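> Please work out how this folds:
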Amino acid sequence: MASASLISSLHRYLRRRQPAMVDLLGALVLLESPTTDKAAVTRLARCLARLWRQRSARARSGRVRLLHPRNAGAILRAEIFLGRGRPQGQLLILGHLDTVYPRGTLRRMPFRVRGGRAGGPGTVDMKSGLVQALFAVEALEALRLQPARRLVFLFTSDEETGSAAGRPMVEREARRSRAVLVLEPASGLGGALKTARKGVGEFELVVEGRAAHAGIEPEKGVNAIEELAAQLLRVKRFARPRQGLTLNAGVIEGGTRTNVVPDRARALVDVRIARRAQGPWIERRVRALRPVNRRARLRVAGGINRPPLERTREVAQHFRLAQQLARALGVRLEEASTGGASDGNFTAALGVPTLDGLGGVGAGAHSPGEFVVVRRMPERAALLAALLLTL
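Model prediction:
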């Protein structure tokens, strides 16, 4: 394990680099990168690729590639080996380039640093994490430290919409890796790491009824909205909140006019699971739904699309190691679980130890108040560098 004096040296170096870290964060935030804008995400990927090529040029071996999926922006893969001889396996460091904010958000939500906080679209989720990764490697190089493993940084381009393009690449690299470190934001302003995440899914319920005049001959109609309402009440009874299984009917559509019996209605239901075994259980029950009104037709689609990141023994061991390293930084590191998902869910489901929440410390992700705490950026970069050196 990296010594306390070595970790302190990393931290001192990175504190001196804090202004450069903030400058780079500002430059990345100015490169708006909404998931749905393929060209914008690719522009950010190219910018970061140039910076990673500079890092890899100073390494003993390195390779930086841009991968171009058909329906998403470019994915960045940077491979660096700083050690001697042959690498002793691989560590995977995950991030994502995309944000939830549409282009033009900067006009009403500009990047600014005030009161020790850097605000703007994507500052904490997760461009600060991308910055910290670059500077963690810089610090290792500057202090001539030599991690024994090959370091692979994989930054996907569609994480915010489910990683349809990124998932195959994430899983392929994870299968080659001893462990996975995820640059998603910390949990809360205390900087807790995330050792458990819920799995996520979505069900679509579509009801087809029969239209009729609501005043003249309502008996000839089949009210699709009423049928859908009955089905949603059934779905609600499947929830097991004490066991971490929740359901939320978040979107509902139906009807055209008040004097017409609606012939179609549709709902989207969010589902969250704490344990992998809950996925097949809830899928079976929702897919087994049948119409209450036999004259209606019901179609059910969807299911779990991200498995949970469960707190396994290996995840707990990696967290305890991070805690020990953080003590040398004067930080009492805590752990947390969250109902949100990340690309780390995919790697954990493969049985690869995954430690999440190693990115920026801040709050307000996906909102106008998003910010990252500037003084914590060198500390988090030092923790990441220490983990890369130790694992």
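
> can I see the domain layout of the chain?
4-196+309-390, 199-306 (automatic domain parsing).

> Just grab the bridge partners of G303 for me.
Beta bridges link G303 to E202 when assigned by DSSP bridges.

> wait, doesn't A72 sit right on R167?
No. Judged on CB atoms under 8 Å, A72 makes no contact with R167 at a distance of 10.8 Å. C-betas here are computed from N, CA, C, even on glycine.

> which of those two has more neighbours?
The neighbour comparison of A72 against R167 (other CB atoms under 10 Å) goes to A72, with 24 against 18.

> Please, which helix or strand holds that one?
For A72, there is no enclosing helix or strand under DSSP states H and E.

> Can you tell me how far it is from L44?
Distance from A72 to L44, counting by CB to CB, to the nearest Å: 13 Å.

> Show the contacting residues for E283.
Each residue near E283 by CB atoms under 8 Å, 6 or more residues apart in numbering is listed here: G201, G303, I304.

> err, V352, not the other one
Going by CB under 8 Å, 6+ apart, V352 touches L92, A174, R175, S177, R178, A179, V180.

> Listing request: residues of the stretch 1-150 of the chain with sub-threshold pLDDT.
Along the stretch 1-150 of the chain, segments meeting pLDDT under 70 span 57-60.

> What ranges does the stretch 201-350 of the chain have for its strands?
Assigned by DSSP state E, counting those that start in this stretch, the strands in the stretch 201-350 of the chain fall at 212-213, 246-254, 260-261, 264-273, 297-306, 335-338.

> closest to Q88 out of the ones you listed?
Across the strands of the stretch 201-350 of the chain, Q88 has its closest neighbour in strand 335-338 (27.0 Å, CB to CB).

> Need the mean per-residue confidence for the closest one.
Regarding strand 335-338, the rounded mean pLDDT is 97.

> Going along the chain, name the helices of the stretch 1-150 of the chain.
For the stretch 1-150 of the chain, the helices defined by DSSP state H, counting those that start in this stretch cover 4-16, 18-30, 38-58, 128-142.

> Of all the residues in stretch 214-230, which ones are buried?
For stretch 214-230, burial by neighbour count (16 or more other CB atoms under 10 Å) applies to G221, V222, N223, A224, I225, E226, E227, L228, A229, A230.

> scratch that, stretch 237-245
Going by neighbour count (16+ other CB under 10 Å), the buried part of stretch 237-245 is F238, G244, L245.

> just checking, the last one touches A239?
Yes. Under the criterion of CB under 8 Å, L245 is in contact with A239, at a separation of 6.1 Å.

> Stretch 170-182: end-to-end distance?
Using CA to CA, to the nearest Å, the span of stretch 170-182 from its first residue to its last is 11 Å.

> Name the surrounding residues that touch it.
77, 89-95, 149, 152, 154, 156, 163, 194, 318, 342-344, 346-348, 350, 352-359, 384, 387-388, 391.

> Highest neighbour count among the contacts of E283?
G201 (22 neighbours).

> what's the distance between the residue nearest the centre of the chain and G357?
Centre of the chain computed as the mean C-alpha position; nearest residue by CA atoms, centre = their mean is S342, 2.9 Å away. In this structure, S342 and G357 are 9 Å apart, going by CB to CB.

> can you list residues touching both of those two?
Each of V182, E184, K194 lies in contact with both S342 and G357 under the rule CB under 8 Å, 6+ apart.
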